[in-house]
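1. Just a sequence and a predicted model for now, questions to come.
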Amino acid sequence: MDYTTLAERFASPTASYRPMLFWLWNGAITREAIAEQIADFAAKGAGGFFFHPMGENFRLGDFLEGISPPYLSDEYLALVRYAVECARDHGLYAWLYDEGGWPSGSAQGQVVEGHPEFAGKRLHVQRLGVEQSDALPSNVIAALGLPEMGVPEPVDLRQIAQSLWPYPEMLIFTLEADGYPVDVLNPEAIRRFIDVTHERYAATVGEFFGNTIPGMFTDETSLGGQVGASAIPWTRDFMEDLSAQMGRDARVYLPLLFSAEAVGRDVVGRYSEHEITAARCEYNNLLTARFSEAYWKQITDWCGKRGLIHTGHVGGEDNLPDNLSFGHFFRTAGALHAPGVDVIWRQLFPGQEENFPFPRLASSALKQHPRQAEGDWSNLAITESNAVYGFGFHYEQMRWLADYQFQGGIGLYAPMATHYTCCGGRLYCTMSHLGPGNPLWPVYGAFAEYVGRMCAVTRETVEHAPVAVYYPVEALWTLDGTQEAWTSLRETCLTLTNLQIGFDFLDGDFLPELQAQDGRACGGQAAYREIIVPATLAISARSLGKLAELAQGGVTVRFLEHWPLHAAEMIGSPALDQALTALQECGVTPVPQDALEGALASAGLADRLVRLADPAPALLLSAREFGAARLYLLTNDSDRVWSPSWYSRPRRRWCWRRGMPAMARSYRC
């Protein structure tokens, strides 16, 4: 796209840049109402909508009533086809949604119906004494004996089956079908989800794929549990893969994956700190890799082969501790064609001190793992926004929320929600409703126009980000290091924002692809002058080795507070020590968190052409690259009205007065 075309898109944004409303289908759906509501969407300046069917049995206490006709029935699919045809006739886009309610993956129970083997599973642990040997369950998959001293020792299951009891106490591990509704670690289970849901849509509206139907949304699929609990996500062949990854018998370390209360603190105390940390990291590394391959990438591949964009979000991406529900953002939402975030719970709000720029996770994933084709939907990071912001949520606040996310690289705005019907007035069907009946709805067109213009800018440009902030997922996996890493991560991002320095979150899976070139870490669309590693208890020895290599190539690498204390791999300590030595030889030393601002300010990382005279959070500024040119996005982060005063250096002033780009410009408030 050239500058003239971008200016035209900005002046008059086409439907692909405008808001895509989450259209919740509830109640008795009719053709007449479908046609009327879609015509209203077009009249209000929307670009289209996401179908959001509310299953006939989905949370009826919160959302009034389910859908009629039933979800995925022939009658339902016929109405979907009619709605797509109406959208086409109005020049709108109709995005599909892969579940009846949420979270995605179960097709409202149809995946496991007749296929109990596809139900989600968890590994449970019991500590039993010899007097309880006659109460052993039948679904034991591992057993550990507890000697008087030393770590637990694996016991042959044949001994258990023969009621032999070689130790006074044992830890018994059982596999039970009580996890997430579907086994998201099992590719065959997800293949059935695709057959039940995606293939039905393909048979009904497949000729609209890639045109009126740009893509499909997946929503909040999680692991259904986490390390450190009394039961953890598992699947049938997981033990063998975990042992292979660790390079030793994984059964020995199973107690470290559960809560100390479940196995006994005396048992946990028999292991070293490194073993505790590495066991949790090894488990989560395999878990998230399996989750990514079985669920996210399998559906992404299916969509890609049919001309669809796979998009969605995980839920809980707004703060590091909650990331544990899905384990690794870049392996889940980052595996989508169009990564997304969920901003529906006031995680971001005007004047709120703890605003964390998590929408950058989506734009960072897009930059580091691009999977899209060129065209209207390139460079696409999505936000599902608004919803449970309350009855008083108004356009000034909506504009702020949109602007904050545009600064983070969001390129498609999906407001949550407009309901097919709000009859009955229950909380969740009225507090998030933006449609007929809401007094703001008649003037929605002006907001839709603004969103369209901003999305044209953010989608057709790429933020200049000279800094990468390492995504400290290993610290999250350790449990013990989560809070320290989360505090450091938040403070680091706030410092960068206040200094007007663009940054990405750096995925550890992408890190090995970076190469040092002229003092920058380059790979794909990225070129980082600095990499910042928040305070972290653990890190992959492979990642630390790569950081040492980049530092040797002239890239500035900063560790905050202290060196990582442990390798994330069970056998990674020697490699970690070697990488630390290499970093120290490059002159790298940890920086106190409170010294980061001064260090960054003196590094000259902020844009040299345009800067805010007063670097305050009242205004946000980002530099965006458009081919060989650079555009600047300035938004108001406060509730005040600011009057600009522009000036340039005297020897450059003639450029500005003649309408040419000023070589140095400041914004004074």
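-> Arrived safely.

2. can you list the weak-confidence ranges in the chain?
-> 372-374, 614-617, 644-669 (pLDDT under 70).

3. Which segments of it make up each domain?
-> 3-112+182-224+283-463, 116-181+225-271, 467-601, 610-667 (automatic domain parsing).

4. For Thr277, which of those domains is the nearest?
-> Thr277 sits nearest to domain 467-601 of all the domains of the chain, at 4.3 Å, using C-beta to C-beta. Heads up, the C-betas are built off the backbone N, CA and C, glycines and all.

5. how about the domains of the chain in JSON lines, adding distance to Thr277 and mean neighbour count?
-> Converted to JSON lines, the domains of the chain look like this (distance: least, C-beta to C-beta, whole Å; neighbours: other C-beta atoms under 10 Å):
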{"stretch": "domain 3-112+182-224+283-463", "distance to Thr277": "11", "mean neighbour count": "20"}
{"stretch": "domain 116-181+225-271", "distance to Thr277": "9", "mean neighbour count": "17"}
{"stretch": "domain 467-601", "distance to Thr277": "4", "mean neighbour count": "20"}
{"stretch": "domain 610-667", "distance to Thr277": "36", "mean neighbour count": "14"}
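
6. list the contacts for Ile29?
-> Ile67, Ser68, Pro69, Tyr76, Leu79, Tyr420 (C-beta atoms under 8 Å, 6 or more residues apart in numbering).

7. Quickly note the distance from the nearest residue to the second one once chain neighbours are set aside to Ala11.
-> On the basis of C-beta to C-beta, 6 or more residues apart in numbering, the spatially nearest residue to Ser68 that is not a chain neighbour turns out to be Ala28, at 4.6 Å. Shown here: Ala28 relative to Ala11, a distance of 42 Å by C-beta to C-beta, to the nearest Å.

8. do the same with Lys305
-> Using C-beta to C-beta, Lys305 is found at 36 Å from Ala11.

9. Also Gly502?
-> 26 Å.

10. Thr418 too?
-> Thr418 is 27 Å from Ala11, by C-beta to C-beta.

11. and if you look at Arg426?
-> With C-beta to C-beta as the criterion, Arg426 and Ala11 are 42 Å apart.

12. Could you look up the SS state of the residue nearest to Asn355 when sequence neighbours are not counted?
-> Excluding the flanking residues, the one nearest Asn355 by C-beta to C-beta, 6+ apart is Leu348, at 5.2 Å. Put simply, Leu348 is coil when judged by DSSP: H, G, I helix; E, B strand; the rest coil.

13. same check, this time on Ala527
-> Under three-state DSSP, the three-state class of Ala527 is strand.

14. Off-centre distance for the longest helix along the chain?
-> Secondary structure of the chain per DSSP state H: the longest helix is helix 273-291. Put simply, helix 273-291 sits 20 Å off its chain's centre (C-alpha atoms, centre = their mean, to the nearest Å).

15. tell me which strands and helices it is in contact with?
-> helix 238-246, helix 473-478, strand 538-539, strand 566-567 (3 or more C-beta pairs under 8 Å, 6 or more residues apart in numbering; DSSP states H and E).

16. do you know which of these lies nearest Glu491?
-> Ranking the helices and strands packed on helix 273-291 by proximity to Glu491 (C-beta to C-beta) places helix 473-478 first, at 14.4 Å.

17. who does the closest one touch, helix- and strand-wise?
-> Using 3+ C-beta pairs under 8 Å, 6+ apart, helix 473-478 is in contact with helix 273-291, helix 482-498, strand 538-539.

18. Quick check: which of these is nearest to Glu354?
-> helix 482-498 (7.3 Å).

19. contacting residues around the closest one?
-> 319-321, 324, 354, 356-357, 360, 467, 469, 472, 475-476, 502-503, 532, 534-537, 560-561, 593, 596-597, 600, 615-617, 620.

20. Turn the helices and strands packed on helix 473-478 into a markdown table, including distance to Phe41.
-> A markdown table is the format used below for the helices and strands packed on helix 473-478 (distance: least, C-beta to C-beta, whole Å):
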| stretch | distance to Phe41 |
| --- | --- |
| helix 273-291 | 35 |
| helix 482-498 | 35 |
| strand 538-539 | 48 |
